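Engineer: only the shape, not the letters, is given here:
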């Protein structure tokens, strides 16, 4: 009974209204992979705080790395089209390198930074992406404790990244961490500094 009450409370917070809507929203099995929802799940409404994205292939709603497309009176969770742009990355992603270029990987989607658009582009898997499973993640997973928006999360991650890189002289967004002078403990030092910074800004870090 307590469990159902808790689920009902979560459903209400999501604006879904009922336990059955909560199950609909998460495909009956709940979110997975850091809040990612199974493709093909049909939901009654999209979560608040996302972004409406218009593309030549149609209209989409982007929120937390999940992509939604209209499905009659409801929405369906889909894979995003290549070439679509988003202003922020999901809260859960890994930075991986292919051909000396950083890509941001989350929920089976690759994003690439486009400075000319000041946004991240959804791109096809880069050459060699089949090896991505063996690539160690170069980022941390953060859980906002104070209701920070995706924009605020992105800004906080960037500011903490800059601070951690300056403190440790290790930058995971640069090939090799920034050069031959990088300390053998640079990577772990960077993540400790990054975690401390984010925790100080109201996040739980994994």
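Structural biologist: Ah, there it is. Everything numeric here is computed off the predicted structure, so don't read it as measured data. Residues are numbered from 1 along each chain as shown.
Engineer: per-residue confidence at the residue nearest in space to the middle of the chain?
Structural biologist: Most central in the chain under CA atoms, centre = their mean is residue 90, positioned 1.8 Å from the mean C-alpha point. Residue 90 carries a pLDDT value of 83.
Engineer: same check, this time on residue 49
Structural biologist: Per-residue confidence at residue 49 stands at 85 (pLDDT).
Engineer: same deal with residue 138?
Structural biologist: 48.
Engineer: same check, this time on the one 10 residues further on
Structural biologist: pLDDT, residue 148: 84.
Engineer: who's in contact with it?
Structural biologist: Neighbouring residues of residue 148 by CB atoms under 8 Å, 6 or more residues apart in numbering: 156, 202-203. Using the backbone N, CA and C atoms, a C-beta is placed for each residue, glycine as well.
Engineer: which other helices and strands contact the helix or strand hosting residue 189?
Structural biologist: Assigned by DSSP states H and E, residue 189 belongs to helix 186-200. Packed against helix 186-200 by the contact rule (3 or more CB pairs under 8 Å, 6 or more residues apart in numbering; DSSP states H and E) you find helix 150-168, strand 203-205.
Engineer: for residue 190, find the nearest of the ones you listed.
Structural biologist: For the helices and strands packed on helix 186-200, the distance to residue 190 is smallest for helix 150-168, at 4.6 Å, taking CB to CB.
Engineer: what are the contacting residues of that closest one?
Structural biologist: For helix 150-168, contacts defined as CB under 8 Å, 6+ apart pick out 49-50, 63-64, 87-89, 91, 142, 144, 148, 170-171, 173, 178, 183, 186, 189-191, 193-194, 197-198, 201, 203.
Engineer: quick revisit: okay, the helices and strands packed on helix 186-200 in JSON lines with mean neighbour count next?
Structural biologist: Converted to JSON lines, those look like this (neighbours: other CB atoms under 10 Å):
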{"stretch": "helix 150-168", "mean neighbour count": "17"}
{"stretch": "strand 203-205", "mean neighbour count": "17"}
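Engineer: residue 38 is nearest to which of these?
Structural biologist: Proximity to residue 38, assessed across the helices and strands packed on helix 186-200 by CB to CB, is greatest for helix 150-168 (20.8 Å).
Engineer: that closest one vs helix 186-200, what angle?
Structural biologist: 140 degrees (axes from the mean of the first three to the mean of the last three CA atoms, to 10 degrees).
Engineer: how distant is helix 150-168 from the center of its chain?
Structural biologist: With CA atoms, centre = their mean, to the nearest Å as the basis, helix 150-168 stands 15 Å off its chain's centre.
Engineer: didn't residue 47 look like it was pressed against residue 67?
Structural biologist: No. If you go by CB atoms under 8 Å, residue 47 and residue 67 don't touch, sitting 11.9 Å apart.
Engineer: between the two, which has more neighbouring residues?
Structural biologist: Taking neighbours as other CB atoms under 10 Å, residue 47 and residue 67 compare with residue 67 leading, 24 against 17.
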